[in-house]
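Engineer: coords below, sequence missing:
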């Protein structure tokens, strides 16, 4: 049942505060993880029908009466759903131990589930206005989660995030309104058809700019990125992982490219603009990451940089480029989720995130150090880990599309990436052991378990790259690329 | 017409204040007032549902939420604002308004005439028959807001307990 | 044997490497036994595959012409055999030398991993596959250098990573260009006439190949690693594996992918790089005070001969270059291993502290002497033969300057090895180190095996030339004149050999003159250089000889060496170490200042960005 992706988290979230009164820890832990595990299972079970049928469109009736609840599922959606379910399950496993010192688990889980419901909804709806609404669902939940620690810094970061995010939503909404005004429909297919009949290239150009700004801000593309390095590090570690690993990709990258590929249609102009934006993000954020002392801030900048890669890949517009972008999206979701969770482990173990205070932890906490190494190397693109392949595919797609300049920059940026990830490794885990840390212990079971699961995925996807890429990424990319052909070129 | 202009100007002023205010608390309050103005504008444009939604969720829930929590956990030292910032933002903002005004006017002329929207009965029917999905999303937004209140006000209870 | 056998040289060492990572550090003995046994298995595999000659394996991999494509033919089989041979010797040697090393577990793991990747790189017949293995080698190199556990090991490791990364990066670009112009990624289908874009592709790929081999200017990490990394690593990577791989690829590039013409501009580029590397590195080697560091500079200098040989594009020169590659791998590995043996017993490799060890360590001294004579090109050892072939090739191109450069290199190679051997093994017994004895058999045995190979390949030079080298050239020789090894009399009685022998005599003279002047202390044989660097204890000596004609000559050389060191070697190093880092820092600082945490500021950018995006889109639409 496709609809369960939205309804189950919402229902569980609704009863969670009540359950929290009965049992402070056990029931929320079990119920949340069970719900997310069910969603993961569900998304795996859907793989086969999707491969057989290509896509599923479900219309749901309410008490026998026909209502307009339409859900469209193709391999691209399913790919996103699987990614969301997988990473969020790992995050909620991590939270079992991590949330001990925050308390109020029930509230936390409830907000987390609402956010997941929002993302799932956003992925599933084939309707512009519904996209906006689900965007808001996920966003409102994320404002509260960023501020969950209730310190002054956290509130300030959350408020900044709220302000900028509201501006972004406003622009996206403005653009949706203009499109609605012109076509008097909101459904993807109808809008696409309506836009073809019109000849309003300039208006659509401006709409596109608004979309780029609105969703680009959600995805933290430079120069719309500045809220992210404040907001992501302030949140509790599982939430940072959620925001960096999933939210910016779903509410930013997914929404933007879904609209471009399925509604407006990818054209050379757009391709150029987005490739330039992606490249700027990639380079600027990589330099910014180099100078950070706080692990989580460094990771946050790295997220911006990697989103740049994803956008660059998706914006090429060739099937190979789209596949590379999607593959990198998955790899980055897993690896960045892992690294943020890992930074939570480090904070839990030592009480600090300042790289200059850390040092020589590797000997005392081998699991944390090992998983961190795997995540870092995967993002930095070291073979044979997963991140290497996705970057390779993107670079190959660039070469194939005769974009040598971009390919060059992408390779150089990956060297920068390797540089700052080696910095983390050297400062935190290797090198001279700081005397302070001679008595630390390895992180609790569930925290380590979540880290290990994600690290294993990084390794396994890297090793079994060929089957994964063929059976999983390529169909999703084809689903998107088909959208390009469906939406005829009409001027832009 | 004059009321309309006053409302719009007020909206812009308070939205600007929300961004430029040094003090977070003042910024949050300005945001609330700006949302209030927006809500009133919605009402006057005969979109009562949107107005209610705007005032209840944005002005009410989120902003009040922030105002209260910020006032509860205020830090004594204030963030230093760079002088450049004060100039940069208004500059860009005004620039944007001017360009927007010029460009949009000429663009809107090129927008083809609005096709007649589907006549589909009352608001309730439209919402139920055609935009059912949005209802679920609305439920989600409100749920998120309620949960946010629950989550952000827990500290207060804890403080009392101690 | 089926085509699947080709996977064995890759999968087997990788599996063994994983096993090594799993064996706990405390378990002893098992590790050593496993290392020797599995390297023996690999050696057997090498022989088996070498006897097969032709085998290929192609499976679909990523689509888009990127297949998992392995191809065994005489050249790759030969390199494969050589790789497994060296791996065996290094493993044997390490059983004693690395026994008590705290990170021995990782050491063996990375060594076997490196072997797996190297075998993969040699066998791969698809450029993307090649890049994959080639890049992976960077990581093992990085890891192995850090195993040195010196305070500066990490820095050196990063240096090797950056330099190697740069070279590999150029290679990737080159391959990209080649792909764009030929449309295929299968290596044995690429044959391009070097015109236009292909020239750029050639230069870029060449940088990748010679960077791996350690030619100038991509050499600066090797001398640092000589002190910072374990000596077994030096024998393993820079002395043998990297040379074999780098020169293998260079030969493939210049003979296979691009058909290099005699005297073409690209051949000239190669020859200039080769000649410059020979001369510059040998001058650097001359002034070194540490045994291992001296050897490492020679490891660079000798690459020059191979590049020069291949760059001649004349069959005899190419054959000489490739022959020199295998010879060099043998004697340089032998030399590094003997320096390790000295370190093992005496505890130091500083020339000044060592002396007269020949009596206590006769086998090491013997092995060292043979290898040192071979590297210096003394008849009838293998180095003589391959150098002669390079000299002949260089002369035949019609640019004798390159042959002269090679001869200059030969003079100072011999001079510096006279100095090294004289100060370590011969002369009076040093008083600074306690009495010692010969190293254990597993250390001495590899050195002696290598020495024996040096002699065999020299005396019976027809044997390797006809069995190994000639088949490689058979494809190319048709196009550019047949290779007949008997046309060039590789014996003592021809003018070219005469000049070479004259060079050796000059070197002998220089050494003994310097030795005499240095108060019969062999490590001072090149001491004037020390004086210019400014060491105080040598100041008086330098003043006393100020007006000496010999001194003036040497001084010019010193000056040259210092100039080269200061103005060529150091600036290159400076660029790697300082400039790139500093640019990164300052850019980062600038960007950081802009992120001051005020969201009004951020919003301003956002709106500014929006305006720019709108403007660009409207411009593009126009």
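Structural biologist: Nice, thanks for sending it over. Note that the structure is predicted; figures quoted are calculated from it, not measured.
Engineer: where along the stretch 151-300 of chain A do the helices fall?
Structural biologist: Here the stretch 151-300 of chain A has its helices, by DSSP state H, counting those that start in this stretch, at A:152-183, A:188-197, A:201-218, A:228-234, A:237-242, A:255-259, A:268-290, A:295-316.
Engineer: to residue C:415, which of those lies closest?
Structural biologist: Of all the helices of the stretch 151-300 of chain A, helix A:268-290 sits nearest to residue C:415, with 46.1 Å by Cβ to Cβ. Any C-beta I mention is one placed from the backbone N, CA and C, and that applies to glycine too.
Engineer: buried residues, that closest one. List them.
Structural biologist: Burial within helix A:268-290, assessed by neighbour count using 16 or more other Cβ atoms under 10 Å in any protein chain shown, is assigned to A:269-271, A:273-290.
Engineer: off-centre distance for that helix?
Structural biologist: Chain-centre distance of helix A:268-290: 17 Å, with Cα atoms, centre = their mean, to the nearest Å.
Engineer: please apply the same query to stretch C:505-518.
Structural biologist: From the chain centre to the centre of stretch C:505-518 is a distance of 29 Å (Cα atoms, centre = their mean).
Engineer: what do you get for stretch A:265-277?
Structural biologist: Remark: stretch A:265-277 is offset 21 Å from the chain centroid, using Cα atoms, centre = their mean.
Engineer: anything in that stretch near chain C?
Structural biologist: Yes: judged by Cβ under 8 Å from any Cβ of the partner chain, stretch A:265-277 and chain C are in contact via A:269, A:272, A:273, A:276, A:277.
Engineer: gap between the third one and residue C:35?
Structural biologist: Translated: residue A:273. Residue A:273 sits 56 Å away from residue C:35, going by Cβ to Cβ, to the nearest Å.
Engineer: now do the same for residue C:468: helix, strand or coil?
Structural biologist: helix (DSSP: H, G, I helix; E, B strand; the rest coil).
Engineer: mind checking how far it is from chain A?
Structural biologist: Going from residue C:468 to chain A by Cβ to the nearest Cβ, to the nearest Å gives 31 Å.
Engineer: residue contacts, the nearest residue to that residue once chain neighbours are set aside?
Structural biologist: Distances taken as Cβ to Cβ, 6 or more residues apart in numbering or on different chains place residue C:78 nearest to residue C:468, at 5.1 Å, with adjacent residues excluded. Counting by Cβ atoms under 8 Å, 6 or more residues apart in numbering or on different chains, residue C:78 makes contact with C:50, C:468, C:472.
Engineer: state the pLDDT value of the nearest residue to residue A:218 once chain neighbours are set aside.
Structural biologist: Counting by Cβ to Cβ, 6+ apart, the nearest residue to residue A:218 once its immediate chain neighbours are dropped is residue A:252, at 3.8 Å. Residue-level confidence at residue A:252 comes out at 90, pLDDT.
Engineer: cool, and residue A:119?
Structural biologist: Note for residue A:119: predicted pLDDT of 92.
Engineer: what's the closest non-adjacent residue to it?
Structural biologist: Spatial nearest neighbour of residue A:119, chain neighbours left out: residue A:250 (4.5 Å); criterion: Cβ to Cβ, 6+ apart.
Engineer: got a list of what the one you found touches?
Structural biologist: Contacts of residue A:250 by Cβ under 8 Å, 6+ apart are A:80, A:84, A:119, A:122, A:123, A:138.
Engineer: re earlier: nearest to residue C:428, out of the helices of the stretch 151-300 of chain A?
Structural biologist: Closest approach to residue C:428 among the helices of the stretch 151-300 of chain A (Cβ to Cβ): helix A:268-290, 54.6 Å.
Engineer: who are the packing partners of that closest one?
Structural biologist: Under the contact definition 3 or more Cβ pairs under 8 Å, 6 or more residues apart in numbering or on different chains; DSSP states H and E, helix A:268-290 sits against helix A:201-218, helix A:295-316, helix A:404-424, helix C:580-594, helix C:599-621.
Engineer: most neighbours per residue, which of those helices?
Structural biologist: Across these, the average number of neighbours (mean count of other Cβ atoms under 10 Å in any protein chain shown) peaks for helix A:295-316, which reaches a mean of 28.
Engineer: all strands of the stretch 1-150 of chain A, in order?
Structural biologist: A:55-62, A:65-74 (DSSP state E, counting those that start in this stretch).
Engineer: that should have said the stretch 1-150 of chain C, apologies.
Structural biologist: Assigned by DSSP E, counting those that start in this stretch, the stretch 1-150 of chain C shows strands spanning C:55-63, C:66-72.
Engineer: contact partners of the shortest one?
Structural biologist: The one in question is strand C:66-72. With Cβ under 8 Å, 6+ apart as the test, strand C:66-72 has contacts from C:6-7, C:49, C:52-61, C:80, C:123-126, C:128-129, C:185-188.
Engineer: so which of those belong to helices?
Structural biologist: C:49, C:52, C:80, C:123, C:128, C:129 (DSSP state H).
Engineer: quick one, domains of chain C?
Structural biologist: Domain assignment for chain C, taken from automatic domain parsing, gives C:3-508, C:584-621.
Engineer: so what's the nearest residue to residue C:76 once chain neighbours are set aside up against?
Structural biologist: Among residues not flanking residue C:76 along the chain, residue C:122 sits closest, at 5.0 Å (Cβ to Cβ, 6+ apart). Taking Cβ under 8 Å, 6+ apart as the criterion, residue C:122 is in contact with C:76, C:79, C:80, C:83, C:245, C:248.
Engineer: so which of the residues you listed comes closest to residue C:286?
Structural biologist: Among those, residue C:245 lies closest to residue C:286 (Cβ to Cβ), at 28.0 Å.
Engineer: check which element follows the helix or strand harbouring that closest one along the chain.
Structural biologist: According to DSSP states H and E, residue C:245 maps onto helix C:242-251. Going down the chain from helix C:242-251, the next helix or strand is helix C:265-286, by DSSP H and E.
Engineer: buried set for that following helix?
Structural biologist: Going by neighbour count (16+ other Cβ under 10 Å), the buried part of helix C:265-286 is C:266-267, C:269-286.
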